[in-house]
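Novice: Below are the sequence and a predicted model for it; my questions follow.
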Amino acid sequence: MWLQQRLKGFPGILSSNWARRILAVFGLFLIFFWYISSDGLFKFLSRSREPGGVVGACLQTETKQWNAFVDRGEVAVSQSVGAHGRLSGPVVVGNGYILLDIDLNRLWISSLGSSSVYETDYVPVVVLKPAGMHAGSRSLGVWFRDGAVRSVHCIQITASQSSRDCVVIREEFIAHRSRPHLFIQKFHIINPSDKTVAFDVSSPLSSFGKKFSSSVEKVEDREFILSSGRVLTKEGKIVLVVVAAKKMVNHLQVTLKSEFTETMLSVVYTSDPIDSSKLEETFSKLREAAKKEIGELLKLGLEDLFQEHQQVWSDLFISGIEMRKITDAHTPSSDTVNTTLYYILSTTAAPLLDPQLSSEEREKLESSLNYADHCFSGHATMHAENLWPPIISSVDQLLLLSDLWRLTLQKRGCKGLLAAGVHGIMQGMVLSFGGLQFTENHLQFQADPDVLHNSYFLRGIRYNKDLINLAVLLDKEEKPFLHVSVKPQDKPVKLYACEAGCTTEPVELMSEVRGHIFRVMVTQPITPLLYISTDLTHLLDLRHTLHLKSILAHEEHMAKQYPRLPFLFWFSVASLITLFHLFLFKLIYNEYCGPGAKPLFRSKGNGRVEHLQMYRV
């Protein structure tokens with residue numbers, strides 16, 4: 001009966017203007033909610049961001065194979081559609097001696113053994129300008145582990161609406177890691193259309209004007225362009241720049257249904273800052289050195305040069321940092337960490353790769369690299385936003401960041417690593433990120449126990465000739481623990497580890513291939529969370545020298561640091577809220593559904609009848 005009475009009043013709802021408006025808004029809300037839940041809005045936004053037309057579809061097809069590398073954090077794409085994998089900085093390649101901004105086509109140089117960097121007027125990148133282009137779209141990707149920038153440029157030449165008819169230009173740029181003077185640009189043109197495509201080629205001979213003087217030289221039967229210029233320093237001295245580059249044709253044609261490949265080699269030589277009185281003598285020496293190297297390079301296999309470079313970069317990334325789980329806004333993302341590492345490595349030389357390095361100096365550098373005594377002292381840099389900036393707007397800001405990293409490592413006991421060049425600075429950045437420090441007898445992990453809510457992995461930490469991997473992980477209850485494994489590189493040497501306080505028996509790390517798990521224990525006063533050493537006796541003696549007041553599990557320490565309100569308090573609050581809502585529900589029920597309840601809605605028609613009856617009376 002109650003339900004019938006309520007249904008009879010339903011037509012009165014629709015007779016009210018405000019009720020109809022509410023129903024209309026509610027219907028629109030349901031449609032909007034359905035659209036979002038079916039990914040309609042996401043698809044619409046994605047379509048609106050996609051590069052339009054034929055060239056957009058072509059570019060997506062060409063860069064589709066990059067997605068797997070982007071997901072693994074090995075590639076950052078300039079102007080990427082998604083938030084993940086986007087490069088928030090300049091597109092550069094470098095080796096500590098030369099640095100090139102591929103997007104802006106600029107060259108920075110540094111003298112060997114000097115920390116000063118100078119911007120030049122030289123235009124290093126050969127640009128292909130297609131004739132009769134209807135539309136074009138380009139994407140640039142920085143490949144961290146290869147030390148390379150790769151580019152895909154899709155061009156629409158004909159009026160065809162099929163992306164398969166687009167002309168594709170694939171390019172690769174490297175500043176050779178083990179040959180510090182060498183810059184390589186390789187481009188591959190694919191013309192699937194039914195039309196011959198012509199390109200204008202901007203060569204160094206036609207790009208400088210009065211900034212650089214250029215001439216065509218010849219070695220045996222091979223021609224190259226020799227360019228000379230100068231940079232004025234703030235102190236009033238002069239840095240000379242000589243570039244020998246392979247000669248390219250001014251115009252290029254790619255016939256229909258064909259492909260074309262070419263590689264541009266450039267050799268850059270610079271002087272130390274000198275006075276004007278030494279110009280001619282220094283210019284002559286630089287020209288001869290550049291001529292000699294370009295002549296030798298033109299005889300070598302190009303694939304060998306690429307493999308040499310990629311192998312060195314791959315060896316560098318044996319060490320590194322991987323972010324697993326981030327739970328706060330102050331910890332750098334995986335993209336930020338990888339990009340920062342790449343930028344710093346690209347601005348750092350590699351003295352260990354110099355063939356002219358004496359055996360004594362090499363042994364000294366390798367010794368400091370394998371055991372960096374007193375590095376890294378101080379607190380971890382993981383939350384130092386000025387060292388791991390999310391955005392770098394220009395090459396100038398990149399160079400300032402590189403100087404800041406060197407200054408930080410130098411002041412924190414890592415001078416020996418800095419002397420080892422790019423291999424050492426990678427070690428220093430890894431050690432600093434987690435708060436790892438070498439002492440005279442051991443390696444200690446002294447991260448702040450209050451910030452172990454993030455999960456990360458430090459790989460390739462050099463200890464003598466072995467590589468240690470250290471991970472901070474979280475279990476199902478979000479409690480942190482440490483996982484340590486060792487990758488022997490030479491003759492196996494026993495390594496031992498113990499938790500904070502070393503109250504338990506040290507564990508031999510080599511005894512388990514999969515590694516060992518250590519609890520996170522916190523001592524009072526605070527001491528390192530983990531000790532690693534080759535000397536078992538040293539670890540056994542260490543426990544007697546720490547003089548601890550107490551040692552707690554990590555969760556007990558956090559409970560003391562941030563005490564929680566007791567369970568009874570929260571139970572009382574929840575009970576009061578529940579009782580209040582029950583009482584409120586009872587009032588509403590009695591008002592509208594209990595005995596003598598008034599109708600919820602009254603139609604306008606009934607109101608008019610009552611009014612007439614009253615009037616007659």
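Specialist: Good, I have the coordinates.

Novice: What segments of the stretch 51-200 of the chain are helices?
Specialist: Here the stretch 51-200 of the chain has its helices, by DSSP state H, counting those that start in this stretch, at 53-63, 67-71.

Novice: Of all these, which one comes closest to Asp121?
Specialist: helix 53-63 (31.8 Å; Cβ to Cβ). Using the backbone N, CA and C atoms, a C-beta is placed for each residue, glycine as well.

Novice: in the closest one, what counts as buried?
Specialist: Gly53, Val54, Val55, Gly56, Ala57, Cys58, Leu59, Gln60, Glu62, Thr63 (16 or more other Cβ atoms under 10 Å).

Novice: CA atoms only: put stretch 162-179 into PDB for me.
Specialist: Below are the C-alpha coordinates for stretch 162-179, written out as PDB (Å, rounded to 0.1, in the frame of the first residue of the first chain):
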ATOM      1  CA  SER A 162      48.100   6.800 -47.500                       C
ATOM      2  CA  SER A 163      50.900   6.900 -44.800                       C
ATOM      3  CA  ARG A 164      52.700   4.200 -46.700                       C
ATOM      4  CA  ASP A 165      53.600   6.800 -49.400                       C
ATOM      5  CA  CYS A 166      55.400   9.100 -47.000                       C
ATOM      6  CA  VAL A 167      59.100   9.600 -47.400                       C
ATOM      7  CA  VAL A 168      60.900   8.600 -44.100                       C
ATOM      8  CA  ILE A 169      64.300  10.000 -43.000                       C
ATOM      9  CA  ARG A 170      65.900   8.100 -40.100                       C
ATOM     10  CA  GLU A 171      68.900   9.700 -38.500                       C
ATOM     11  CA  GLU A 172      71.300   8.800 -35.700                       C
ATOM     12  CA  PHE A 173      73.800  11.100 -34.000                       C
ATOM     13  CA  ILE A 174      76.700  10.200 -31.700                       C
ATOM     14  CA  ALA A 175      79.600  12.000 -30.100                       C
ATOM     15  CA  HIS A 176      82.000   9.000 -30.000                       C
ATOM     16  CA  ARG A 177      82.800   8.000 -26.500                       C
ATOM     17  CA  SER A 178      86.300   6.500 -27.000                       C
ATOM     18  CA  ARG A 179      87.300   8.900 -29.900                       C
END
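
Novice: Am I right that Ile551 is in a strand?
Specialist: Yes - counting by DSSP: H, G, I helix; E, B strand; the rest coil, Ile551 is part of a strand.

Novice: does it have beta-bridge partners, and which?
Specialist: On the basis of DSSP bridges, Ile551 is bridged to Thr523.

Novice: What count of nearby residues applies to it?
Specialist: 17 (other Cβ atoms under 10 Å).

Novice: how about the strands in the stretch 301-450 of the chain?
Specialist: Ranges of strands in the stretch 301-450 of the chain, per DSSP state E, counting those that start in this stretch, are 320-325, 436-438, 443-445.

Novice: List the contacts of the second one.
Specialist: By that I understand strand 436-438. Strand 436-438 is contacted from outside by 371-377, 413, 430-431, 443-446, 458, 461, 470, 528, using Cβ atoms under 8 Å, 6 or more residues apart in numbering.

Novice: Please repeat the previous calculation with a cut-off of 10 Å.
Specialist: 371-378, 380, 412-414, 416, 427, 430-431, 443-447, 458, 461-463, 468, 470, 528, 530, 532 (Cβ atoms under 10 Å, 6 or more residues apart in numbering).

Novice: Quick check: PyMOL command selecting the buried ones in those residues.
Specialist: A single PyMOL command selects the buried members of the contacts of strand 436-438 (16+ other Cβ under 10 Å):
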select buried, resi 372+375+376+377+380+412+413+414+416+427+430+431+443+444+445+446+447+458+461+462+463+468+470+528+530+532
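
Novice: The contacts of strand 436-438 in helices, which ones?
Specialist: Gly416, Gln427, Val430, Leu431 (DSSP state H).

Novice: okay, and the helix or strand of the protein with the least pLDDT?
Specialist: helix 40-49 (a mean of 39; mean pLDDT, DSSP states H and E).

Novice: For Leu579, see how far away Ser572 is.
Specialist: 11 Å (Cβ to Cβ, to the nearest Å).

Novice: just Glu505 next, same as before
Specialist: Taking Cβ to Cβ, one finds Glu505 at 56 Å from Leu579.

Novice: sorry, back to before: so which of the strands of the stretch 301-450 of the chain gets nearest His538?
Specialist: strand 443-445 (11.6 Å).

Novice: And that closest one, how far out from the chain middle?
Specialist: 26 Å (Cα atoms, centre = their mean, to the nearest Å).

Novice: Good, we can wrap up now.
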